[in-house]
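Q: got a predicted model here, sequence first, then my questions.
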Amino acid sequence: MNNTRLKELLIHLQNNQMDYFDEFYNLTKNSVFYMAYSVLKSYTLCEDVLQEVYLKFLKHVKKVEADDNILGYLMMISKNISLNVYKKRKREIQTEDFDYLVDKTEKEHSDLIFKMKKILNDEEFQIVVLHVINDLAHREIAEMLGKPLGTITWSYSNAIKKLRRDLDGKED
């Protein structure tokens, strides 16, 4: 993730140059989406959250400081909105059948994520998604989740061991 480019795009957005939004969105959407997915475990609900996050961001874009962690800010919005949705729909959330939502290429990706979700607990899943899919450093994840760096690296290491063991059929 190019933080310098995100800061440049933020400045353009703050100056009402909305033609830069598409690039900003494309650079950040996966991180925002998978943060929501780590809470909701529903592609459909996450798509709704994604829209809400960017609407809220654009509403308050002038208040965001260029020196802030812009991606972290978006992900915190995503997490908060997702938690609100989760609380409202607590009894209704179930694992979805992804087949009708994605094409064949995306289905392979979805199948792997679905298997990961079954193997890992919620925190491990969230850390792995943030590190592997969103390409965030352990330090960034620790700051974002408000946990010590050692806890994040330990959880990530344990999660990878679990995935290797369960997906490859290997023992430690």
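A: Good, I have the coordinates.
Q: use CA for all of it now, contacts and neighbours both
A: OK.
Q: by mean pLDDT, flag the weakest helix or strand of this protein.
A: In the chain, the helix or strand scored least confidently by mean pLDDT, DSSP states H and E is helix 104-119, which has a mean of 68.
Q: and the helices in this structure?
A: For the chain, the helices defined by DSSP state H cover 3-14, 21-40, 43-59, 70-88, 104-119, 122-128, 138-145, 149-168.
Q: buried ones in the fourth one, by neighbour count?
A: I take that to be helix 70-88. Neighbour counts over helix 70-88 (16 or more other C-alpha atoms under 10 Å) mark 70-72, 74-83, 85-86 as buried.
Q: from those residues, pick the one nearest residue 149.
A: The nearest member of the buried residues of helix 70-88 to residue 149, counting by C-alpha to C-alpha, is residue 72 at 15.7 Å.
Q: my read: the closest one touches residue 144, true?
A: Yes - because the distance of 6.0 Å satisfies C-alpha atoms under 8 Å, residue 72 is recorded as touching residue 144.
Q: for residue 124, grab the count of nearby residues.
A: Using other C-alpha atoms under 10 Å, residue 124 is surrounded by 23 other residues.
Q: and the closest residue in space to residue 61 that isn't next to it in sequence, how many neighbours does it have?
A: Nearest residue to residue 61, sequence neighbours excluded (C-alpha to C-alpha, 6 or more residues apart in numbering): residue 14, at 5.9 Å. Counted with other C-alpha under 10 Å, the neighbours of residue 14 add up to 18.
Q: what's the closest non-adjacent residue to residue 66?
A: Nearest residue to residue 66 in three dimensions, chain neighbours excluded: residue 7, at 5.4 Å (C-alpha to C-alpha, 6+ apart).
Q: residues contacting residue 54?
A: Residues near residue 54 by C-alpha atoms under 8 Å, 6 or more residues apart in numbering: none.
Q: could you measure from it over to residue 160?
A: 32 Å (C-alpha to C-alpha, to the nearest Å).
Q: from residue 130, how far out is residue 151?
A: 15 Å.
Q: now swap in residue 140 and tell me
A: For residue 140, the distance to residue 130 - C-alpha to C-alpha - is 9 Å.
Q: more neighbours: which of those two?
A: Under the neighbour definition other C-alpha under 10 Å, residue 140 and residue 130 were set side by side, and residue 130 has more, 22 against 18.
Q: what's the burial count for residue 154?
A: Using other C-alpha under 10 Å, residue 154 has 12 other residues around it.
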